[in-house]
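> test case, fold it:
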Amino acid sequence: MMAQTTGKSQPWQDSRPLDSAAYHSGVKVIRRVHFGIQLYLLLTEVLFLFGPWEWYIPKPVSLLVFLSSIHLLIFVAYLASNKTFRTRAQMKLAYWHDLPTIPFIKIAVVIGLVLAIPTSLARTGGLIPDVLGGLENVGAAYNENFERISSGNAFVLVEYIRIILSPFLVGQLALIVFFWKLLSPGWRIGGAILVLWTTLSYVAVGTNKGIADLIILAPIFMYFAKVAQGAEAKVVFTFRNLVAAAVFILFLIFFGQTQELRAGGVGVNGVFYTGSNLIYANPNALPAWVSEQWVIIYQSITRYLTQGYQALALSFEVDRTTTFGIGHSFFLTDQASAIFEIDYFEDNNLPALLESRFGWSRFFTWHTAYVWFASDIGFIGTAILVGLFAYLLFQTIMRMIVAPDVLSVIIVQQLVVFFLYLPANNQVFQNGEGIVGTLIVFLLASARNHTGIPRRSRETGRLAW
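Below is the predicted model of the structure:
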């Protein structure tokens, strides 16, 4: 189902009709994605309510009504997407794009490789990520790097360069995995080196995000690529999935080690510091025969998955104002404070108000993306926004499967990351690279990706999978 596009300028590069076969294949994928999102969010909510941590819920009814509205609006987005797909299939509408695929990926890989060492200097403090040091003492690596950045990053200019080039940086992992078979051996090696370097940079500073993104996003986009190729990609009981499961278990072990060595004994002692007081995990939440290492893993991963809901629960107790579309992002609040020379935005978003009233730190604890967006548009607006993002995700997945293009792949990756981190933080829009890159890619997609009846076509050549 996927065709290689040429680098020449063309009215449109490839057209793919949403015929019956493509419709049924896409709908099946969307159904699985919808089920996965609903199940994942429900699991994190259940762990918050009934897990090992003794969280405080002042207004349980308000919390449950809000969370239920999130699930309902995601379901509505799913139904609306299916209706849209059915209408387009009946009208025999086509998807096409006019941005060359392979040249874009090559530029992205080159930029990533050129910035690899400067980025390592900015984010790890060394020319080459000290992976062995990070593995030897992951807790110390994390704490030392945090202190280094807090005291002033001498290579902060690199981060601004990455913001400028962000459209080519934010979706590198998904692009390399999804379009792997369209890349020549040399570009595959370059892409693999880039992904490995990025992952090891996170390992070197004792951070789990790089490995977590790799082991979660890579299988997802392998699956999407298989479907786009026309294959019936199985969800379970395949060799690839068994390998992925084994890698995930190894990640959990690594994750547990990072928690054992974190400052303050948060992992070993099952304690969580909110910024003003301590919250403890129930040491008897698991059977006595479970080893201490897996108790630490369970307590730590549930702490990561659920602490954001504590901020959400507390936020219903706070009288808030609006931060006019600025307060949902650290990057935007910093820029607004510098431009207007006022502290309004950073002092009046919900995380700041929670810190002021309850001592829940806006910098060292998580708040869920709901809390960040509620700073600007309230809880009703936030629920609607999540529903709109779900609708956009379902629509873009269908386009990516029927007529793959780089912009759709990047948007799908960013939205998958958005929902993956939804219980924890506003991951996609918190930093300059994420918010600028995602916005520019979305605007490019609005101009370069098309749906309808193409008025003229031109041969583009095809590359068999």
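
> which of the helices or strands spans the residue nearest the centre of the chain?
In the chain, the centroid-proximal residue (C-alpha atoms, centre = their mean) is V417; its distance is 1.5 Å. Using DSSP states H and E, V417 maps to helix 406-420.

> CA-only coordinates of that helix in CSV, if you can.
The C-alpha trace of helix 406-420 is given here as CSV (Å, rounded to 0.1, in the frame of the first residue of the first chain):
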residue,chain,number,x,y,z
VAL,A,406,6.1,11.9,6.7
LEU,A,407,3.9,14.6,8.2
SER,A,408,1.2,12.1,9.2
VAL,A,409,3.7,9.8,10.8
ILE,A,410,5.2,12.6,12.9
ILE,A,411,1.7,13.8,14.0
VAL,A,412,0.7,10.2,14.9
GLN,A,413,3.9,9.8,17.0
GLN,A,414,3.3,13.1,18.8
LEU,A,415,-0.3,12.2,19.6
VAL,A,416,0.7,8.7,20.8
VAL,A,417,3.2,10.4,23.1
PHE,A,418,0.6,12.8,24.2
PHE,A,419,-1.8,10.0,25.3
LEU,A,420,1.0,7.9,26.7
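
> okay, now the nearest residue to L115 once chain neighbours are set aside: neighbour count?
Closest residue to L115 apart from its sequence neighbours, by C-beta to C-beta, 6 or more residues apart in numbering: R162 at 6.5 Å. (Glycine included, C-beta is placed from N, CA and C.) R162: 23 surrounding residues under other C-beta atoms under 10 Å.

> number the chain from 477, please
Got it, the first residue is 477 from now on, which makes the last one we talked about R638.

> and the one helix or strand R638 maps to, average pLDDT?
Taking DSSP H and E as the criterion, R638 maps to helix 632-640. Mean pLDDT, helix 632-640: 90.

> could you identify the helix or strand that succeeds it?
Where DSSP H and E defines the elements, the next helix or strand beyond helix 632-640 is helix 648-654.

> low-scoring pLDDT stretches of the stretch 477-626 of the chain, where are they?
For the stretch 477-626 of the chain, residues meeting the criterion pLDDT under 70 lie at 477-490, 606-626.

> number of nearby residues for G502?
G502: 24 neighbours (other C-beta under 10 Å).

> hmm, it is touching R562, no?
No. Checked against C-beta atoms under 8 Å, the pair G502 and R562 is beyond contact range at 10.9 Å.

> hey, where'd the helices end up in the stretch 477-626 of the chain?
Along the stretch 477-626 of the chain, counting by DSSP state H, counting those that start in this stretch, helices occupy 496-526, 536-566, 577-590, 592-599, 607-612, 614-626.

> out of the ones you listed, nearest to V653?
Minimum separation from V653 across the helices of the stretch 477-626 of the chain (C-beta to C-beta) falls at helix 577-590, 11.1 Å.

> residues contacting that closest one, please?
Residues outside helix 577-590 that contact it (C-beta atoms under 8 Å, 6 or more residues apart in numbering) are 480-481, 483, 489, 641, 644-645, 647-648, 651-652, 655, 658-659, 663, 666-667, 669-670, 674, 880-882.

> same thing but at 7 Å, please
Applying C-beta atoms under 7 Å, 6 or more residues apart in numbering, the external contacts of helix 577-590 come out as 480-481, 483, 641, 644-645, 648, 651, 655, 658-659, 663, 666-667, 669-670, 881-882.

> V892 reaches I696, doesn't it?
Yes. V892 is in contact with I696 according to C-beta atoms under 7 Å; the separation is 6.4 Å.

> out of these two, which sits in the busier spot?
Shown here are V892 and I696; by other C-beta under 10 Å, V892 has more neighbours (23 against 19).

> measure the nearest residue to L575 once chain neighbours are set aside to Y571 for me?
In this structure, L575 finds its nearest non-sequential neighbour in R924, 4.6 Å apart by C-beta to C-beta, 6+ apart. Applying C-beta to C-beta, to the nearest Å, the value for R924 to Y571 is 12 Å.

> of those two, who's got more company?
Y571 (25 against 17).

> hang on, isn't that one packed against D881?
No. Applying C-beta under 7 Å as the test, Y571 and D881 come out as separate, 8.5 Å apart.

> can you get me a residue count around the nearest residue to V653 once chain neighbours are set aside?
Among residues not flanking V653 along the chain, F697 sits closest, at 4.2 Å (C-beta to C-beta, 6+ apart). Other residues lying near F697 total 24 when counted by other C-beta under 10 Å.

> can you pull the contacts of F697?
Residues in contact with F697 (C-beta under 7 Å, 6+ apart) are A650, V653, F654.

> and of the helices of the stretch 477-626 of the chain, who's closest to W848?
So among the helices of the stretch 477-626 of the chain, helix 536-566 is nearest, using C-beta to C-beta, at 14.3 Å.

> tilt between the closest one and helix 496-526?
170 degrees (axes from the mean of the first three to the mean of the last three C-alpha atoms, to 10 degrees).

> how about helix 536-566: buried residues?
Neighbour-count burial for helix 536-566, counted by 16 or more other C-beta atoms under 10 Å, picks out 538-539, 542-543, 545-547, 549-550, 553-554, 557-558, 561, 564-565.

> show me what it is packed against.
If you count contacts as 3 or more C-beta pairs under 7 Å, 6 or more residues apart in numbering; DSSP states H and E, helix 536-566 packs onto helix 496-526, helix 844-878.

> to I755, which of those helices lies closest?
Per C-beta to C-beta, nearest to I755 of those: helix 496-526, 12.3 Å.

> which strand or helix spans N902?
Per DSSP H and E: N902 is located in neither a helix nor a strand.

> list the contacts of it.
Counting by C-beta under 7 Å, 6+ apart, N902 touches H804, S805, A845, W848.

> relative to P576, which of these is nearest.
S805 (31.5 Å).

> what's the nearest residue to the closest one if we skip its chain neighbours?
Among residues not flanking S805 along the chain, F905 sits closest, at 5.0 Å (C-beta to C-beta, 6+ apart).

> next one: G928
Going by C-beta to C-beta, 6+ apart, G928 has L569 as its nearest residue, at 5.8 Å.

> my guess is G647 contacts L883. True?
No. Counting by C-beta under 7 Å, G647 stays clear of L883, with 8.7 Å between them.

> can you pull the residues that touch both of these two?
Here G647 and L883 have no joint contacts, going by C-beta under 7 Å, 6+ apart.

> sec struct for N760, please.
The assignment at N760 comes out as coil when based on DSSP: H, G, I helix; E, B strand; the rest coil.

> which of the helices and strands packed on helix 536-566 sits closest to V747?
Closest approach to V747 among the helices and strands packed on helix 536-566 (C-beta to C-beta): helix 496-526, 17.5 Å.

> so how far is that closest one off the chain centroid?
Distance of helix 496-526 from its chain centroid, counting by C-alpha atoms, centre = their mean, to the nearest Å, is 16 Å.

> tell me what it is packed against?
If contacts are counted by 3+ C-beta pairs under 7 Å, 6+ apart, helix 496-526 sits against helix 536-566, helix 768-791, helix 844-878.

> export the contacts of F697 to CSV and tack on neighbour count and distance to W531?
Listed next are those as CSV, based on neighbours: other C-beta atoms under 10 Å; distance: C-beta to C-beta, whole Å:
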residue, neighbour count, distance to W531
A650, 27, 34
V653, 22, 36
F654, 28, 38
